[in-house]
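any chance you can model this:
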Amino acid sequence: MVSRIIPVEPADLVIFGGTGDLARRKILPALFRRFCAGQLGTDSRVIGASRTELNNKDFRKMASEAIAEFSDHEGCDMGRLDGFLAMLHYVTVDAKGATGWKALAKLVKSDRIRAYYFSVGPGLFGELAERLHKYGMADSDCRIVVEKPFGRDLKSAQELNRVLAQHFDETQIYRIDHYLGKETVQNLMAVRFGNMLFEPLWNSQYVDHIQITVAEEVGVGTRGGYYDRSGAMRDMVQNHLMQLLCLIAMEPPAKFDPHAVRDEKLKVIRALDPVKPDNIVRGQYEGDGKRPGYRNQVENRDSTTETFVALKAHVSNWRWAGTPFYLRTGKRLKERASEIAVVFKDTPHSIFEEDAGRHRNILTIKLQPNEGIELGVTIKEPGPGGMRLVDVPLDMTFAEVLGPDEADFPDAYERLIMDVIRGNQTLFMRGDEVEAAWAWTDPIIEAWDDSREVPIAYSTGSSGPDDALMLMHRDGRRWREIKA
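Numbers count the residues shown, from 1 in each chain. Coordinates of the predicted model:
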């Protein structure tokens, strides 16, 4: 199997916040890997822009150090680094003033694709959008990329959408969620809609329940200031887990294009029932002697911010009526692991003796750290001694099935930035989709604020609060073990 590398057209990619953490950790290493793969040509340019006083040489040195530190170098010939660095330029720009804008306008070429990456806080989105138009760098052919958090509630998300809509059409706005750029997430659509085997069974008649888990082994780290104002619900559930739920639950789109796919995702969000208080658990991790607890990390002894959320949701439509969706995410859990598990119902009648055991099929989509798809099937245990059934996996771990070379596929940022240059919005959130997600999330957060209930403490390295286990146990179900 040979991957096809399709080069993108020449483009100017301007990174506002070009000296920031996201640019150093993700954007610049991602662009270098696409350059090494032959997808991003030397006729394209990457232009850093921020308040920091740098020149081209300084910016290239910073980029070189970032690539050395944060790129895994697989599939990259480091001997090509000088060629990539030659594509890099830098302009000192004041987002709220006039400094640097004329120089940036002079540098950006109008005869090619122009993409502006807003790797800055949402408070600067409007300022940047206004100045791009004022200095003649924006027209109907350019694109802007905006990072999360896209608002902190429905009202702020609506305001951000309104500000951006004053300067750009919705078709020009790329709201990025890196989870949608993962290879396995996209393969989920291929598995569902490209195989007759699964789609007829993808409904409440055959699916018992669905589990979506995004577990992190790390704590809040250096993000404590931001995280204490957000929490797991805003940081993870409203965007990442919501997007995964949409892809699992949505109806087949009429065709694989941005409008059709996002229309179906929006229908799922609008069909979500409000979550009842007894169907949600929130927790906060404690220290273990070696690692500090959450409150110590954020230096807020009275913090009631959740670092763990587990909830049961229902999608009220014909396909999913009665099928629960269990969502779970948290920090400082036992392993770093993200997966979607589609748990099918038991056979309606077992012809085997009781000692053969009861078994069911589970389709597992593994998102990280080892991307792949696994289908659990029931077979007879080999050997004499009667009919004893065991579950075995049909495993398609990409690194094993495709080989190390083919499994070195682009990471999420690589793929999504290339899609921006191509003008493909399929894997990006639309404005009404973001607002619908906040409309569902806001009442949950407001209820927490009104009750002033303190999150349940859970141990570092555990699977979360025991109450989250009871959320499943009372329904006669169990969470899958968190493991890589």
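
for stretch 371-385, output the C-alpha coordinates as CSV.
Output of stretch 371-385 as CSV, limited to C-alpha atoms (Å, rounded to 0.1, in the frame of the first residue of the first chain):
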residue,chain,number,x,y,z
GLU,A,371,-4.4,4.5,16.3
GLY,A,372,-6.3,1.6,14.9
ILE,A,373,-9.7,-0.2,14.7
GLU,A,374,-10.5,-3.4,16.5
LEU,A,375,-13.6,-5.7,16.2
GLY,A,376,-14.2,-8.2,18.9
VAL,A,377,-15.8,-11.4,17.7
THR,A,378,-16.8,-14.6,19.5
ILE,A,379,-15.2,-17.9,18.5
LYS,A,380,-14.9,-21.4,20.1
GLU,A,381,-11.9,-21.8,22.3
PRO,A,382,-9.5,-24.2,20.5
GLY,A,383,-9.1,-27.7,21.8
PRO,A,384,-11.3,-30.5,23.2
GLY,A,385,-13.4,-30.1,26.2
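
shaky segments in this structure?
1-4, 73-78, 353-358, 383-387, 396-409 (pLDDT under 70).

now the residue sitting nearest the centre point of the chain: closest residue in space that isn't a chain neighbour?
By CA atoms, centre = their mean, the chain has its centre lying nearest to Tyr179, at 2.1 Å. Closest residue to Tyr179 apart from its sequence neighbours, by CB to CB, 6 or more residues apart in numbering: His240 at 4.6 Å. The way it works is simple: take the backbone N, C-alpha and C, and place the C-beta from them, glycine included.

pretty sure the residue nearest to the centre of the chain sits against Ala412.
Yes - taking CB atoms under 8 Å as the definition, Tyr179 is a contact partner of Ala412 at 7.1 Å.

follow-up on the earlier one: helix, strand or coil for the residue nearest to the centre of the chain?
At Tyr179 the chain is in helix, as set by DSSP: H, G, I helix; E, B strand; the rest coil.

tell me the contacts of it?
Tyr179 sits next to 185, 239-240, 243-244, 367, 412 when contact means CB atoms under 8 Å, 6 or more residues apart in numbering.

now for those: which two are most distant?
Farthest-apart pair in these is Asn239 and Leu367; separation 14.4 Å (CB to CB).

isn't Ser316 right up against Ala271?
Yes - in terms of CB under 8 Å, Ser316 counts as a neighbour of Ala271; the distance is 5.2 Å.

what about those two, which has more around it?
Ranked by neighbour count (other CB atoms under 10 Å), Ser316 and Ala271 place Ala271 first, with 17 against 11.

identify the residues contacting the top helix by length along the chain?
The residue-count maximum for a helix in the chain (DSSP state H) belongs to helix 431-451. Helix 431-451 has contacts (CB under 8 Å, 6+ apart) with 150-151, 153-154, 157-158, 161, 164-165, 170, 173, 175, 233-234, 237-239, 242, 262, 265-266, 269-270, 272, 274-275, 277, 280, 282, 304, 306, 311.

list the buried ones in that helix?
431, 433-442, 444-445, 448 (16 or more other CB atoms under 10 Å).

could those go into JSON lines alongside distance to Val46?
Output for the buried residues of helix 431-451, formatted as JSON lines (distance: CB to CB, whole Å):
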{"residue": "Gly431", "distance to Val46": "27"}
{"residue": "Glu433", "distance to Val46": "29"}
{"residue": "Val434", "distance to Val46": "27"}
{"residue": "Glu435", "distance to Val46": "32"}
{"residue": "Ala436", "distance to Val46": "34"}
{"residue": "Ala437", "distance to Val46": "31"}
{"residue": "Trp438", "distance to Val46": "33"}
{"residue": "Ala439", "distance to Val46": "37"}
{"residue": "Trp440", "distance to Val46": "37"}
{"residue": "Thr441", "distance to Val46": "35"}
{"residue": "Asp442", "distance to Val46": "38"}
{"residue": "Ile444", "distance to Val46": "40"}
{"residue": "Ile445", "distance to Val46": "38"}
{"residue": "Trp448", "distance to Val46": "42"}
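
out of the contacts of Tyr179, which is nearest to Gly126?
Nearest member of the contacts of Tyr179 to Gly126, counting by CB to CB, is Asn239, at 20.8 Å.

list the contacts for the closest one?
148-150, 177, 179, 429, 437.

would JSON lines of these with distance to Pro465 be doable?
Listed next are those as JSON lines, based on distance: CB to CB, whole Å:
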{"residue": "Lys148", "distance to Pro465": "26"}
{"residue": "Pro149", "distance to Pro465": "25"}
{"residue": "Phe150", "distance to Pro465": "29"}
{"residue": "Asp177", "distance to Pro465": "27"}
{"residue": "Tyr179", "distance to Pro465": "24"}
{"residue": "Met429", "distance to Pro465": "30"}
{"residue": "Ala437", "distance to Pro465": "25"}
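
out of those, flag the one nearest to Leu132.
Phe150 (18.5 Å).

these two touch, right, Ser140 and Gln172?
Yes - with contacts counted by CB under 8 Å, Ser140 reaches Gln172, the gap being 7.5 Å.

show me where the stretch 301-450 of the chain has helices.
Using DSSP state H, counting those that start in this stretch, the helices of the stretch 301-450 of the chain run over residues 398-401, 403-406, 412-422, 431-451.

would a markdown table of those with distance to Val91 be doable?
Converted to a markdown table, those look like this (distance: least, CB to CB, whole Å):
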| stretch | distance to Val91 |
| --- | --- |
| helix 398-401 | 40 |
| helix 403-406 | 38 |
| helix 412-422 | 20 |
| helix 431-451 | 29 |
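
for Met250, find the nearest of those helices.
Closest to Met250 of the helices of the stretch 301-450 of the chain, according to CB to CB: helix 431-451, at 11.3 Å.

which is the next helix or strand following the closest one?
strand 456-459 (DSSP states H and E).

could you say what helices and strands that following strand packs with?
strand 280-286 (3 or more CB pairs under 8 Å, 6 or more residues apart in numbering; DSSP states H and E).

now the strand it packs on: how far from the chain's centre is it?
21 Å (CA atoms, centre = their mean, to the nearest Å).

could you do stretch 134-146 as well?
25 Å.

now stretch 108-127
21 Å.

ok but the residue nearest to Tyr179 is inside a helix, no?
Yes - according to three-state DSSP, His240 belongs to a helix.

that one: how many residues sit nearby?
The burial count for His240: 20, using other CB under 10 Å.

quick check, it in contact with Thr213.
No - at 11.4 Å, His240 does not count as touching Thr213 under the criterion of CB under 8 Å.

common neighbours of those two, please.
Here His240 and Thr213 share the contacting residues Thr329, scored by CB under 8 Å, 6+ apart.

against Thr305, how distant is Trp318?
38 Å (CB to CB, to the nearest Å).

those two: who's more crowded?
Neighbour comparison, Trp318 and Thr305: the larger count goes to Thr305, with 23 against 9 (by other CB under 10 Å).

pretty sure that one contacts Tyr227?
Yes - contact criterion CB under 8 Å: Thr305 and Tyr227 qualify, at 6.9 Å.

any shared contact partners between the two?
Counting by CB under 8 Å, 6+ apart, the shared contacts of Thr305 and Tyr227 are Val298.
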